[in-house]
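Participant: Curious how this folds, go ahead:
(chains A and B)
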There are 2 protein chains.
Amino acid sequence: MTTAAAASSSTASIHHRLLQSSSPSPRGRHLAISCTDVTPSSVSTSISAEDRGLYNFAAGPATLPESVILKAQSELYNYRGSGMSIMEMSHRGKEFDAIIKKAESDLRRLLSISDDFSVLFLQGGATAQFAAVPLNLCNPEDTADYIVTGSWSDKSFKEAQKFCKPNLAWSGKSDKYTNILPFDEIQQNPDAKYLHICANETIHGVEFKNYPKPKNNSSILVADMSSNFCSKPVDVSKFGLIYAGAQKNVGPSGVTIAIIRRHLLGHCQPITPVMLDYKTHSDSASLYNTPPCFAIYICALVFEDLLDQGGLVAVAQNNAKKAGLLYEAIDGSGGFYVCPVEKSVRSFMNVPFTLQRSELEIKFIQEAAEERMVQLKGHRSVGGVRASIYNAMPLAGVEKLVSFMKDFQARHP
Amino acid sequence: MTTAAAASSSTASIHHRLLQSSSPSPRGRHLAISCTDVTPSSVSTSISAEDRGLYNFAAGPATLPESVILKAQSELYNYRGSGMSIMEMSHRGKEFDAIIKKAESDLRRLLSISDDFSVLFLQGGATAQFAAVPLNLCNPEDTADYIVTGSWSDKSFKEAQKFCKPNLAWSGKSDKYTNILPFDEIQQNPDAKYLHICANETIHGVEFKNYPKPKNNSSILVADMSSNFCSKPVDVSKFGLIYAGAQKNVGPSGVTIAIIRRHLLGHCQPITPVMLDYKTHSDSASLYNTPPCFAIYICALVFEDLLDQGGLVAVAQNNAKKAGLLYEAIDGSGGFYVCPVEKSVRSFMNVPFTLQRSELEIKFIQEAAEERMVQLKGHRSVGGVRASIYNAMPLAGVEKLVSFMKDFQARHP
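Facilitator: A predicted model of the protein is given here:
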């Protein structure tokens, strides 16, 4: 893969370098053009549409569609002739109004979200939602069921203890978060106001492939979908509330999306900070106070891109292919690479694995980085290797990783 | 002012348009370069460093330094050769680590913040802080003094009622928020845990020029500085806590800065959502969970720009000059334009005014927009006209507005 150097010259001359990348790129070949300001101003303006020559396996913030970044770059200084950057616009002006409305309607199309649900653009990440969920859905004396399949659902369970009496319906901790119990064996509390799951555990790589049903008919299913949001079709009608930090599949960090049944709005505890009251945000169409405008704009571009790809059915097929390739390489390594997660619940987004000879892991990660495959280190709490292969990771990136894995193994017999 | 058309062509050819703006710009003359991709890809890459030909008087999100937007644009696709956009980078990687550390150290330099204070980059705007302040600084039975000088301090006072027993030490509501009582006449509660002010009311244009002292020696001064943060030097040592949404003077929306004395950390109420616990964020250097990375990066660029300008003394001189010019035009109009705010507390950031003949206000705002001076409409809650003239509004923008005001008056005798 060709690495085109970034242009950052500040000399008082004009450079136009046109570099045609020789590598196949998922979006066709790219062109590098660097335009350097000739004015006495200290501002150097360069735009580099070159192939960046890197596969970024970060768990989030994570790789975004190249076309989205390039479009955002082209519009950053003067948004569609408005004379302003999106970062400078009033959130109540006509330009941003069109952006947030399109973001919502495109997301509704992607996930077939009915009008029974309100779609909100919030702040604070999933972590803020860990408090918002019990504050909005139950009283301090109420109980709620939590299924704990990894670090994130464990955090949500612990945060809920401040605001209600959550019940640990099941925990995978004793198995180091490598599986999920059959749903009929989960100890649901008949009085639970809701059943909470983390649909995909970013650190442990455990993903729900289908969803449990709350035992109590008046209860609802709540899911943290931060790390597999919009990676596949989901029947939203099975849920009361879905929330997701954007910084995995659909945008940069700084915006959190919540999809909530309207009949659940308006019952929050009196001690709910207004920023965590879903009704306040729903009544104001996410404009109660200044929203994270630029992050919402990027989500809007990503949603448009996902629709252009054919929607979530096509996206899911692509993701299944990438994950299949990677798990096959791990399982076919004769034990050189090991994924600890039970096959039926392996994440298609975050693939954690270890090397049988753990002393080789640092070398593996370093050599991969030298080959321009970065951010492969496992989360500091679990170690090992983790490849996050979100929507925007091209198939070619996974193929390159698999090829590197085979080569690395061959060099370490 | 020349308006250079934005380039958005998607034809399969290369355009290089070099337009030298004829107007004086605060950062020298600019150049328009548009580079259009010649590949079959659908991505059209254009960069327009032209003079955008517009003065944006929005109250926030607001105009940002042109050099900052251009730098962010140039770095958006491939941050300093990393192969990634800042939006795609792990918040725990070395690139972002350098960004957030520089943001903090530059801000400490700008405001001479001692190590007695922790500097935090948070989410949720000032609105989230309205809850965080009482949750962190007092118990439910405690009292705290609030001085209400406009809509924002009124909101903070109301939110505090959920978490403590706030005392309304003074309110300017009966005078329609046009003044501030002499500090020695403020009814402070001797038991108050803190004294809260909004240093600048964005909607009503009332600004503290100096600061009251809590009567109780164990109490502390807390200020919402969202709309005048970094517009002038401030003696931070007089405060226990300063907080500010960034989207006025220092960045885009989506990041909130808090500066808090370290000895105040670690005493939050048990019902504090973890996202509102200052100690959690301080202990993690603002990386407890994924921060709004891109917004923090823009703040870092703005802080650097403010230091380059000579720091906040120079910035304040510039702001005083701009505000002086505008208020002089209002006061010298023989009553055609009226600013309702008492002279001693008029904001240097947000200048609200009305026209004596209120039926002309819509025409005034429309004609100004035709002259490319936008976002001059007063907040929907108070009407009239409001010119927000934050740090990044050039003197030339205020001069143009003043000239238009005189012309408009002459045409409506």
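Participant: quick one: secondary structure of the closest residue to residue A:287 other than its chain neighbours?
Facilitator: In space, and not counting its chain neighbours, residue A:287 is closest to residue A:91: 6.0 Å by C-beta to C-beta, 6 or more residues apart in numbering or on different chains. Placement of C-beta: from N, CA and C, glycine included. Under DSSP: H, G, I helix; E, B strand; the rest coil, the three-state class of residue A:91 is coil.
Participant: Spit out the contact partners of residue A:91.
Facilitator: Going by C-beta atoms under 8 Å, 6 or more residues apart in numbering or on different chains, residue A:91 touches A:287, A:290-291, A:293, B:61, B:253.
Participant: Filter these down to the buried ones, PyMOL style.
Facilitator: Buried residues within the contacts of residue A:91, by 16 or more other C-beta atoms under 10 Å in any protein chain shown, are selected in PyMOL with:
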select buried, (chain A and resi 290+291+293) or (chain B and resi 61+253)
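Participant: Greatest separation within the contacts of residue A:91: which pair is it?
Facilitator: A:287 and B:61 (12.2 Å; C-beta to C-beta).
Participant: Over to residue A:135. Which of the three states is it?
Facilitator: Under three-state DSSP, residue A:135 falls in the helix class.
Participant: is it true that residue A:156 lies in a strand?
Facilitator: No: assignment of residue A:156 by three-state DSSP gives helix, placing it outside any strand.
Participant: That one: how many residues sit nearby?
Facilitator: 25 (other C-beta atoms under 10 Å in any protein chain shown).
Participant: swap in the one 10 residues further on?
Facilitator: Counted with other C-beta under 10 Å, the burial measure for residue A:166 works out to 26 neighbours.
Participant: cool, and residue A:393?
Facilitator: Neighbour count of residue A:393, defined by other C-beta under 10 Å: 23.
Participant: Likewise for residue A:279?
Facilitator: If you count neighbours by other C-beta under 10 Å, residue A:279 ends up with 19.
Participant: surely it meets residue A:264?
Facilitator: No: here residue A:279 does not reach residue A:264: they are 9.1 Å apart, not a contact under C-beta atoms under 8 Å.
Participant: who touches the residue most central in space within chain A in this structure?
Facilitator: Closest to where the C-alpha atoms of chain A average out (C-alpha atoms, centre = their mean) is residue A:248, at 1.9 Å. Residues in contact with residue A:248 (C-beta under 8 Å, 6+ apart) are A:59-60, A:62, A:202, A:226-229, A:349, A:388, A:390.
Participant: What's the per-residue pLDDT of it here?
Facilitator: pLDDT for residue A:248: 97.
Participant: Could you do residue A:70 as well?
Facilitator: Per-residue pLDDT puts residue A:70 at 97.
Participant: That one: which element?
Facilitator: Using DSSP states H and E, residue A:70 falls within helix A:66-75.
Participant: Output that helix as CSV - backbone C-alpha positions only.
Facilitator: Taking Å, rounded to 0.1, in the frame of the first residue of the first chain, the C-alpha atoms of helix A:66-75 are listed here in CSV:
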residue,chain,number,x,y,z
GLU,A,66,-13.2,7.7,4.1
SER,A,67,-15.9,9.4,2.0
VAL,A,68,-17.4,10.9,5.1
ILE,A,69,-14.1,12.4,6.4
LEU,A,70,-13.4,13.9,2.9
LYS,A,71,-16.8,15.4,2.6
ALA,A,72,-16.6,16.9,6.1
GLN,A,73,-13.2,18.3,5.2
SER,A,74,-14.4,19.9,2.0
GLU,A,75,-17.3,21.5,3.9
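Participant: is chain B contacted by it?
Facilitator: Yes: contact of helix A:66-75 with chain B (C-beta under 8 Å from any C-beta of the partner chain) involves A:66-67, A:69-74.
Participant: which bits of the stretch 251-400 of chain A sit near chain B?
Facilitator: Within the stretch 251-400 of chain A, the positions lying close to chain B (C-beta under 8 Å from any C-beta) are A:251-255, A:270-276, A:288-295, A:298, A:372, A:374-375.
Participant: which residues touch the closest residue to residue A:343 other than its chain neighbours?
Facilitator: Spatial nearest neighbour of residue A:343, chain neighbours left out: residue A:327 (7.9 Å); criterion: C-beta to C-beta, 6+ apart. The contact partners of residue A:327, by C-beta under 8 Å, 6+ apart, come to A:339, A:343, A:346, A:351.
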